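K.L.:
predicted model and sequence below, questions to follow.
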Amino acid sequence: MKKLAARSSSKVFLAADSLRAHHSEKAAALLKNHHDRIVIFRLPPYPPEPDPDEHLKSILKSALRKLPRPHEQEELNSNVRKTLKGAQNGTKKVKKHMITANPAVPKALS
């Protein structure tokens, strides 16, 4: 979270599931220290809609199917990195998914 806050020039929107580490005292302290830079959205234990991880996996699988089959591990790693970097830079897609998945997002964005 420290790196997220330091690297971003705008607010960071972070979706957290029910993993214990996301609810730890250390995580709570980090969020408290960076409350002006990081907005956290807690996902329910079993959300009715796909969570952001599922959305990202869908983007990744779809993109990798369109590429030629890699012959070496490093080629696969490179394809995955490029695809994830593209998804990371595709803020409109991410924003659209987050707004659809969580109606509270538009309020936080304003």
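P.N.:
Cool, got the structure. Numbering: from 1, shown residues only.
K.L.:
I figured Ala15 hits Leu43, correct?
P.N.:
Yes - with contact defined as CB atoms under 8 Å, Ala15 counts as touching Leu43 (5.9 Å). C-beta here means a position set from N, CA and C on the backbone, and glycine is covered the same way.
K.L.:
tell me which stretches of this protein form strands.
P.N.:
Assigned by DSSP state E, the chain shows strands spanning 12-16, 38-42.
K.L.:
which one of those lies nearest to Arg81?
P.N.:
strand 12-16 (20.7 Å; CB to CB).
K.L.:
and the most far-flung residue of the chain relative to its centre, what's its pLDDT?
P.N.:
Residue farthest from the centre of the chain, counting by CA atoms, centre = their mean, is His71 at 29.0 Å. As predicted, His71 sits at a pLDDT of 93.
K.L.:
with Thr91 instead?
P.N.:
So, for Thr91, pLDDT stands at 65.
K.L.:
now swap in Lys82 and tell me
P.N.:
Reading off the confidence values, Lys82 has pLDDT 91.
K.L.:
the one 4 residues further on too?
P.N.:
The predicted local distance difference test score for Gly86 is 83.
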